[in-house]
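Asks: quick one: sequence plus predicted model below, questions after.
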Amino acid sequence: MSNSRVLFFDTTLRDGEQSPGATMNMPEKIRLARQLESLGVDIIEAGFPAASQGDFEAVQAISRTVKECQVAGLCRATPADIDRAWDSIKDGANPRIHTFLATSPLHMEYKLRKTPDQVLEMAEAAVRYAVKHTSNVEFSAEDASRSDWDFLAKVVERVIAAGARTINIPDTVGYAQPDEFGALIRHLLEKVPNSDQAVFSVHCHNDLGLGVANTLAALRAGARQAEVTLSGIGERAGNAALEEVVMALNVRKDVYNLTTNIKTEQLFPSCRLLSLIIGRPIPANKAVVGDNAFAHESGIHQDGMLKHRSTYEIMTPQSIGRSGTEMVLGKHSGRHALKSRLEELGYRLDEAQLDLVFQALKRLADKKEQIATEDIEALVLEEIYRIPDKYKLVYLSVMSGNMAIPTAAMKLEVDGEEKQLADFGVGPVDAVFHTIAKVCGRNPKLLQFSVNAITGGTDAQGEVTVRIEENGASAVGRGADPDIIVASAKAYLNALNRIAKKQEEKICPRP
Ligand SMILES: CC(=O)SCCNC(=O)CCNC(=O)[C@H](O)C(C)(C)COP(=O)(O)OP(=O)(O)OC[C@H]1O[C@@H](n2cnc3c(N)ncnc32)[C@H](O)[C@@H]1OP(=O)(O)O
Ligand SMILES: CC(C)C(=O)C(=O)O
């Protein structure tokens with residue numbers, strides 16, 4: 001294999017599952033393993049077979065299913081754990097025993113209660129035992145980043161001599177800093193006399209948010225296997241995120257000059273599948289795969305994107321398996337983005353019309369967190385395609401509740417003249433309609449009233465449709481607003497305006 005090729009060792013099913021609340025059942029694990037195979041990872045760490053019968057069976061089932069990747073089982077440095085791991089993976093196409101032992105003074109003294117010499121012997125013995133089953137043995141020096149470098153180098157030399165073909169250097173508690181971690185890998189590659197007989201790997205935790213940075217630093221220093229998880233799930237703050245490491249290598253080929261077998265278009269589908277399985281949404285601001293990773297809201301960015309997408313995107317959404325960039329229309333958007341969205345929707349507005357819709361968008365965005373396509377369409381209908389109004393709403397205030405008589409107080413513009421009134425009704429909508437009719441001096445009959453939440457959530461914009469009839473003429477009116485009572489008033493006025501227009505046209509028919 002070329003020296004520029006990085007092996008991806010995915011441990012979502014093992015370390016990822018150690019993330020509280022991320023437990024998966026057997027069919028879910030098999031489904032995810034198949035997806036990891038499609039993604040092109042080189043090694044799947046399927047579990048810790050000695051942990052439970054369920055883990056053993058899941059690792060075994062995955063080993064028997066997956067054909068394209070190696071399947072690893074993690075085990076402590078004891079014959080019993082190693083045998084258990086081997087039994088679970090031995091039927092697979094390419095099984096790997098992954099055994100580990102801590103090498104830091106802290107872990108050796110307090111956790112293992114062993115001297116460095118005992119740990120050295122135990123590590124060597126474990127690898128010697130494991131290679132009786134397979135030559136594909138990986139050894140991890142747990143808490144390597146807090147270990148004495150010379151002692152660590154000694155352990156690494158001994159386990160390579162015992163037959164380990166992959167040496168993993170974990171930053172178990174996410175303590176390392178990128179420069180330091182890169183230097184550690186370089187030190188081991190240079191100082192361990194038989195380092196050329198093994199692939200050096202890293203496994204970085206994210207306690208200080210440096211999992212990906214440390215992994216990349218290690219790859220630059222010569223490590224050629226990255227142990228990662230989808231979306232960075234894992235023990236405590238998680239592990240280095242697979243998708244972030246992969247895309248950093250891809251986007252910054254100029255820096256790393258490394259290749260992988262990962263099909264990047266499978267990154268989003270893989271993280272999404274994981275999210276569905278563990279019932280945990282991908283955070284919106286998650287690098288590479290979050291919902292906002294390819295969403296642009298501010299006007300200056302949207303304008304830049306419309307002129308040249310590389311102004312604000314360093315990779316394409318398609319490259320990670322998403323359908324496209326999203327221009328989020330909201331309070332930070334500008335006219336260029338609005339115009340482009342309107343054109344996509346088939347509306348070609350002149351500058352004055354665009355300005356009207358733009359101002360309405362800003363007003364709506366001040367009240368409503370997310371503006372949906374339906375909101376934009378409602379704004380166009382409201383601002384552009386409605387007939388000139390005889391009656392206009394200036395303001396409306398409604399009081400209602402189970403301890404008050406529903407009252408509507410409003411100011412309307414009737415043929416350019418402002419009129420105001422307050423009156424009662426059976427409910428708030430009735431009070432509004434009743435008062436509007438009185439102010440306008442009309443007496444229509446309400447035939448139909450319907451409310452439709454045109455976007456989801458409690459901040460949805462509501463669209464009200466009414467049908468009214470007066471003196472044989474009927475009309476439909478629509479109004480949209482996040483406040484359903486205001487939307488009702490707008491709809492009612494819209495219908496009244498249409499009836500008035502019809503009546504006007506009867507008296508003075510168009511030529
Ligand atoms: C950094 C990591 O992510 S390491 C992997 C973490 N994953 C897991 O722990 C998998 C789930 N674990 C389990 O199900 C259980 O811990 C088991 C089945 C593995 C072991 O359970 P128990 O036998 O009850 O032991 P327990 O977990 O309480 O303690 C761990 C023992 O293993 C020892 N140990 C820890 N690491 C190693 C190692 N790499 N090699 C050998 N022994 C080890 C500890 O010193 C302790 O030994 P002691 O009982 O003599 O004090
Ligand atoms: C056992 C090793 C690989 C590990 O998970 C760690 O050190 O974090």
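Replies: On my side now, so go ahead. Numbers count the residues shown, from 1 in each chain. Ligands and ions are numbered 1, 2, ... in the order given.

Asks: retrieve the pLDDT associated with residue 402.
Replies: pLDDT, residue 402: 86.

Asks: my read: residue 140 touches residue 168, true?
Replies: Yes: using C-beta atoms under 8 Å, residue 140 makes contact with residue 168 at a distance of 4.0 Å. Placement of C-beta: from N, CA and C, glycine included.

Asks: find residues that contact each of the two.
Replies: 98, 100, 203 (C-beta atoms under 8 Å, 6 or more residues apart in numbering).

Asks: contact residues of the stretch 201-350 of the chain facing ligand 2?
Replies: Listed as neighbours of ligand 2 in the stretch 201-350 of the chain under the rule C-beta under 6 Å from any ligand atom: 203, 205.

Asks: before we move on, what about the chain?
Replies: Counting by C-beta under 6 Å from any ligand atom, the chain comes close to ligand 2 at 15, 100, 140, 142, 168, 170, 172, 203, 205.

Asks: about what we covered before: contacts with ligand 1 among the shared contacts of residue 140 and residue 168, please.
Replies: Counting by C-beta under 6 Å from any ligand atom, residue 100 from the shared contacts of residue 140 and residue 168 sit close to ligand 1.

Asks: the shared contacts of residue 140 and residue 168, buried ones only, as a PyMOL selection?
Replies: Command for PyMOL, covering only those of those found buried under the criterion 16 or more other C-beta atoms under 10 Å:
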select buried, resi 98+100+203
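
Asks: which residues are in contact with the closest residue in space to residue 333 that isn't next to it in sequence?
Replies: Nearest non-adjacent residue to residue 333, counting by C-beta to C-beta, 6 or more residues apart in numbering: residue 299, 5.1 Å away. Taking C-beta under 8 Å, 6+ apart, we find residue 299 in contact with 332, 333, 334, 335, 336, 337.

Asks: was I right about the first one contacting residue 296?
Replies: No: in this structure residue 332 lies outside contact range of residue 296 using C-beta under 8 Å: 9.5 Å.

Asks: which one of the two has more residues nearby?
Replies: Shown here are residue 332 and residue 296; by other C-beta atoms under 10 Å, residue 296 has more neighbours (24 against 16).

Asks: and the gap between that one and residue 325?
Replies: Look at residue 296 and residue 325: by C-beta to C-beta, to the nearest Å, they are 7 Å apart.

Asks: now do the shared contacts for these two.
Replies: Common contact partners of residue 296 and residue 325 (C-beta under 8 Å, 6+ apart): residue 305.

Asks: any idea how far the closest residue to ligand 1 within the stretch 201-350 of the chain is from residue 375?
Replies: Nearest residue of the stretch 201-350 of the chain to ligand 1 (C-beta to the nearest ligand atom) works out as residue 235 at 5.5 Å. In this view, residue 235 and residue 375 are 43 Å apart by C-beta to C-beta.

Asks: more neighbours: which of the two?
Replies: Neighbour count, other C-beta under 10 Å: between residue 235 and residue 375, residue 375 has more, with 23 against 20.

Asks: leaving out chain neighbours, which residue sits closest to the more buried one?
Replies: What sits nearest to residue 375 in space, not counting adjacent residues and going by C-beta to C-beta, 6+ apart, is residue 461, at 5.1 Å.

Asks: contacting residues for the one you found?
Replies: With contact taken as C-beta under 8 Å, 6+ apart, residue 461 is in contact with 364, 368, 372, 374-375, 378, 453-455, 480-482, 487.

Asks: ok, and which of those reach ligand 1?
Replies: Okay, of those, nothing touches ligand 1 (C-beta under 6 Å from any ligand atom).
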